[in-house]
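In: no sequence for this one, just the structure:
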Ligand SMILES: *[C@@H]1O[C@H](CO)[C@@H](O)[C@H](O)[C@H]1NC(C)=O
């Protein structure tokens, strides 16, 4: 396999050197393994300056890459392009999920001269058995572009090989945490986007990895406390490659998935070669009671209410017996009340001769019924408060 790959690579290099940089690059990759291709700015710079070999001057122009599937506007679903900055190399990466051939067009735009150049990548995906055990790790202190170069991939893989205690490990997928709902970090030193790395193996998970499945570990992670990992389990040769234990996930594909039972056929499925015989139309239905209930009854109710309201409005109004065709009704009513009020006032005025009730008079003793002169009761000898308590003694004349 490895020999075949390197042979392919060599043949690609040979093709490029023979035909110039515009020749197509061919790759044959298996399903379910990570594919990475670095878009080298240097190579494209050579395309922009074909005469640089003669002049000896090679610029370092900013350039951006645009990639798409041939005859399509975008890349295939499994392939992604990333380039952080016009002065950085770009990367095409992804994990094919189904076999087939894709032709990828790469367009480089020189941001200084606005020239463009293009390259074609022919990716042949061949089927392969998926590895039965997968594990996904989150590397917090990394960014996708820093992880995709193959030396870094190898570093990470070596650490994970030690953790898994097997050499037979393949990188299955590398994803930017931002593509998985991660947050854009602060633009400060020490803040990174984070990267998910998924690896697969034929061998079952090591004891260290199986810790992830224990309830104690899951409880610790849920509580957000610091997860204790025994010293023998933490392998990271470079601090930035250290994994976040709580985001580690294990996938076991060794068990064949229980196939879902085929749907049970219900009645009414037509035998092949038979004509469809529509059922008899249902018996006719009498809609008259429904009509009566929904239309006639509310209509009658509405008419009755209308008549009732009309009667109240026209025949039962106050002042309506004094109705005058020329006088507006409201004025009539007004006049009527003024009349009534003045009559009432007159009646009250004629009753003025009656003396006012005793209780409204000053210094009235409610027990004896005696009226004291205000001057007398104001005398300093009689305390005012006592006068209220013992009126029979205090108010007696001395
Ligand atoms: C790789 O990761 C990306 C992002 O999470 C996902 O869309 C894709 O399906 C994954 N590929 C495989 C083969 O697991």
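Out: Great, that's in hand. What you see is a predicted model, and the numbers here were worked out from it, not measured in a lab.
In: tell me the contacts of residue 246?
Out: Residues near residue 246 by Cβ atoms under 8 Å, 6 or more residues apart in numbering: 220-221, 227. Every residue, glycine included, has its C-beta placed from N, CA and C.
In: cool, residue 127 as well?
Out: 30-31, 99.
In: Then residue 130?
Out: Per Cβ under 8 Å, 6+ apart, neighbours of residue 130: 31-32, 200, 253.
In: In JSON lines, list the contacts of residue 246 along with distance to residue 260.
Out: Output for those, formatted as JSON lines (distance: Cβ to Cβ, whole Å):
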{"residue": "220", "distance to residue 260": "36"}
{"residue": "221", "distance to residue 260": "32"}
{"residue": "227", "distance to residue 260": "37"}
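In: Looking at those residues, which is nearest the ligand?
Out: Using Cβ to the nearest ligand atom, residue 221 comes nearest to the ligand of the contacts of residue 246, at 20.6 Å.
In: Keep the contacts of residue 130, but drop any that are not near the ligand.
Out: residue 32 (Cβ under 6 Å from any ligand atom).
In: what's the lowest-pLDDT member of the contacts of residue 130?
Out: pLDDT across the contacts of residue 130 is at its lowest for residue 253, which sits at 88.
In: what's the closest non-adjacent residue to that one?
Out: Closest residue to residue 253 apart from its sequence neighbours, by Cβ to Cβ, 6 or more residues apart in numbering: residue 132 at 5.1 Å.
In: Am I right that the one you found is in contact with residue 172?
Out: No - using Cβ atoms under 8 Å, residue 132 makes no contact with residue 172, being 11.9 Å away.
In: Pull up the overlap in contacts between the two.
Out: residue 200.
In: more neighbours, the two?
Out: Neighbour tally, residue 132 and residue 172, criterion other Cβ atoms under 10 Å: the higher count belongs to residue 172, 20 against 15.
In: ok, now which ones touch the residue in the stretch 151-300 of the chain that the ligand sits nearest to?
Out: Relative to the ligand, the nearest point of the stretch 151-300 of the chain is residue 173 (3.7 Å; Cβ to the nearest ligand atom). Residues near residue 173 by Cβ under 8 Å, 6+ apart: 34, 95, 136, 196-198.
In: Now whatever helix or strand residue 348 lives in: buried residues?
Out: Using DSSP states H and E, the element containing residue 348 is helix 329-350. For helix 329-350, a neighbour-count test (16 or more other Cβ atoms under 10 Å) marks residue 333 as buried.
In: Can you tell me the SS state at residue 64?
Out: Following DSSP: H, G, I helix; E, B strand; the rest coil, residue 64 is assigned to strand.
In: isn't it right up against residue 85?
Out: No - between residue 64 and residue 85 there is no contact under Cβ under 8 Å: 9.3 Å.
In: Out of the contacts of residue 127, which sit inside strands?
Out: residue 30 (DSSP state E).
In: Make a PyMOL selection of the buried ones in the contacts of residue 127.
Out: In PyMOL, this line selects whichever of these come out buried by 16+ other Cβ under 10 Å:
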select buried, resi 30+31
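In: and of the contacts of residue 127, the nearest to the ligand?
Out: Distances from the ligand to these, taken by Cβ to the nearest ligand atom, are shortest for residue 31, at 8.3 Å.
In: which residues sit in contact with the closest one?
Out: Taking Cβ under 8 Å, 6+ apart, one finds 96-99, 125-128, 130 in contact with residue 31.
In: one more time with 10 Å
Out: 78, 95-100, 125-130 (Cβ atoms under 10 Å, 6 or more residues apart in numbering).
In: circling back: quick one, which of the contacts of residue 130 are buried?
Out: 31-32, 200.
In: burial measure for residue 95, as a count.
Out: Residue 95 has 21 nearby residues by other Cβ under 10 Å.
In: Mind telling me which residue of the stretch 1-150 of the chain is nearest the ligand?
Out: For the stretch 1-150 of the chain and the ligand, the shortest gap (Cβ to the nearest ligand atom) falls at residue 95, measuring 3.7 Å.
In: For the residue nearest to that residue when sequence neighbours are not counted, what are phi and psi?
Out: Spatial nearest neighbour of residue 95, excluding adjacent residues (Cβ to Cβ, 6+ apart): residue 173 at 4.7 Å. Main-chain dihedrals, residue 173, degrees, to the nearest 10: phi -160, psi 140.
In: Around residue 195, how many other residues sit close by?
Out: 26.
In: Would you map out the domains in the protein?
Out: As given by automatic domain parsing, the domain ranges for the chain are 16-126, 133-252.
In: Dump those to CSV, plus distance to residue 261.
Out: Formatted as CSV, the domains of the chain follow (distance: least, Cβ to Cβ, whole Å):
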stretch, distance to residue 261
domain 16-126, 26
domain 133-252, 23
